[in-house]
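Colleague: Turn this into a model:
(4 chains)
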2 protein chains.
Amino acid sequence: MLELAILGLLKEQPLHGYELKKRLGETLGFLWGVSYGSLYPALRRLERAGSIEIVAPRAAAPAPVAMPATGSIDGETAAARLRRLPKPTRRTRKQYRLTPRGDELFAELLTGDDAPGADEEKAFALKFAFCRHLASDARLALLERRRAGLQERLARARGTTPHRGDRYIRSLADHRTESTARDLAWLDELIAAERRAAHPEPTQEGATAS
Amino acid sequence: MLELAILGLLKEQPLHGYELKKRLGETLGFLWGVSYGSLYPALRRLERAGSIEIVAPRAAAPAPVAMPATGSIDGETAAARLRRLPKPTRRTRKQYRLTPRGDELFAELLTGDDAPGADEEKAFALKFAFCRHLASDARLALLERRRAGLQERLARARGTTPHRGDRYIRSLADHRTESTARDLAWLDELIAAERRAAHPEPTQEGATAS
DNA sequence: CCCCGATATATCGGGGCGATATATCCGCCT
DNA sequence: AGGCGGATATATCGCCCCGATATATCGGGG
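Modeller: Numbers count the residues shown, from 1 in each chain, chains lettered A, B, ... in the order given. Prediction:
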């Protein structure tokens, strides 16, 4: 699960662990509180599998020779630079970069089914978050697979709900069911939008014979 | 987390593991898929902590004293018993029963705060599912604590949402925010209902000066 | 009679999480 | 100067949960 998120972020640019966690927090934060206890082991796993690689133990400033001209003009620049570029040599940090193998894995994780028990909510949300990397049809497949899952859950809920449980449990179950229904509606919108984007021409006439 | 659910079910009647899982599935199933890999270790933990106890390895037939005369009369009884006892009852299953200590723990878990990171959704849902065991004021406190949590999340979401992320992530975040708002509204209803139940007299006049 | 499926208990490997340990660097106050 | 505190950064520990699997025992049907 985490792997997908990591690969997705590294797809855009190489990053080190700490930064990765920050971005994970600000981009996917609304669905996930990633912890170091998961992140670093996951990075190790990915590296061992050859999906990512360490680019260089202090690559942040590629400026071993980078400061040529500056030197002569003013003495202050040195100080100024210290304030301006507070991070010429950050520290021991390890920058991770996606390998071609990792790219494959990413596509695989993004496309593949996951075990039905595996926290479907999070799994779907994560895939959806990165689904810009999917072709239009694969994206639609993802949405529709999710739709089927929700619908099945809804059916089961409506089937089981009738009786049992006290007032509070019943209320909870009802609210849950409602939420599921709402998610379903949202998905329908998304699917419709996706279809519209795929066929930008059905101005009139209607009925694309789906 | 699981402990609370187990204690909650055992509070009503003693059960063995297998049955426990079934009930967990049918009563709280809409929020949880409990697995044996969690259940049995949890039972062991609880037993070791003295919160539950094994009532008798073959309680199905409530015949503890049922065979009184048998004792002295014959030497065969030993062999006879070996054949007679293993069959009348179900099987080796262990019936678990709540101890007074377990009752305390249940109340503690139900009332106490849980760590903010600990999957708030599930934690709240679980507590709410058993909140019939709470006094009216404690129940209200639970609801309002949850309300505060949701509200904070909502504020944070509205603060962070504006810009970043591509179209899909934005859509996801929006939907998430909406859901949170809906949960909040639901909670408000619950709180109002709870208040109404606690003060059954404000027929007219209104404004209980809260 | 034996096999099959339901009942029932238990463990294993693996992933996620919070807490914690350990460095290093930086700015700021003294 | 000096050093303290906080941000940066990597890593591990123990705990819990999960799916998969192993192992019995029972009832019933072929």
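
Colleague: just the helices in chain A please.
Modeller: In chain A, the helices defined using DSSP state H lie at A:2-10, A:17-27, A:36-48, A:70-73, A:76-84, A:100-111, A:120-129, A:136-160, A:167-198.

Colleague: Can I get these in JSON lines including mean pLDDT and distance to chain B?
Modeller: C-beta coordinates here come from the backbone N, C-alpha and C atoms, glycine included. Converted to JSON lines, these look like this (pLDDT from 0 to 100; distance: least, Cβ to the nearest Cβ, whole Å):
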{"stretch": "helix A:2-10", "mean pLDDT": "96", "distance to chain B": "10"}
{"stretch": "helix A:17-27", "mean pLDDT": "92", "distance to chain B": "6"}
{"stretch": "helix A:36-48", "mean pLDDT": "96", "distance to chain B": "12"}
{"stretch": "helix A:70-73", "mean pLDDT": "40", "distance to chain B": "34"}
{"stretch": "helix A:76-84", "mean pLDDT": "41", "distance to chain B": "25"}
{"stretch": "helix A:100-111", "mean pLDDT": "95", "distance to chain B": "12"}
{"stretch": "helix A:120-129", "mean pLDDT": "94", "distance to chain B": "5"}
{"stretch": "helix A:136-160", "mean pLDDT": "92", "distance to chain B": "6"}
{"stretch": "helix A:167-198", "mean pLDDT": "95", "distance to chain B": "5"}
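
Colleague: ranking these by burial, who's on top?
Modeller: helix A:2-10 (a mean of 22; mean count of other Cβ atoms under 10 Å in any protein chain shown).

Colleague: what sits against the closest residue to A:Ser38 other than its chain neighbours?
Modeller: Using Cβ to Cβ, 6 or more residues apart in numbering or on different chains and skipping residues adjacent in sequence, the residue nearest A:Ser38 is A:Leu2, 5.5 Å away. The contact partners of A:Leu2, taken as Cβ atoms under 8 Å, 6 or more residues apart in numbering or on different chains, are A:34, A:38-39, A:42.

Colleague: For DNA strand C, tell me which of these show up nearby.
Modeller: By Cβ under 7 Å from any atom of the strand, the members of the contacts of A:Leu2 lying near DNA strand C are A:34, A:38, A:42.

Colleague: Next one: the last one from A:Arg139, what distance?
Modeller: Separation of A:Ala42 from A:Arg139 (Cβ to Cβ, to the nearest Å) stands at 25 Å.

Colleague: Is any residue of stretch A:31-49 near DNA strand D?
Modeller: Yes. Residues of stretch A:31-49 are located near DNA strand D by Cβ under 7 Å from any atom of the strand, namely A:36-37, A:40-41, A:43-44.

Colleague: do the same with stretch A:94-107
Modeller: Yes. Using Cβ under 7 Å from any atom of the strand, stretch A:94-107 comes into contact with DNA strand D via A:Lys94.

Colleague: Show me what that stretch is in contact with.
Modeller: A:3-4, A:7-8, A:10-11, A:14-17, A:20, A:43, A:46-47, A:49-57, A:59-60, A:133.

Colleague: ditto for stretch A:109-116
Modeller: So stretch A:109-116 is contacted by A:3-4, A:7, A:120, A:123, A:127, A:130-131, A:133-134, A:138, A:142, A:145, A:149 (Cβ under 8 Å, 6+ apart).

Colleague: ends of that stretch, how far apart?
Modeller: Taking Cα to Cα, to the nearest Å, the first and last residues of stretch A:109-116 lie 14 Å apart.

Colleague: Likewise for stretch A:19-38?
Modeller: Termini of stretch A:19-38 sit 15 Å apart (Cα to Cα).

Colleague: returning to that earlier point: and the contacts of stretch A:109-116, which is closest to B:Arg167?
Modeller: Comparing the contacts of stretch A:109-116 against B:Arg167 with Cβ to Cβ places A:Cys131 closest, at 9.9 Å.
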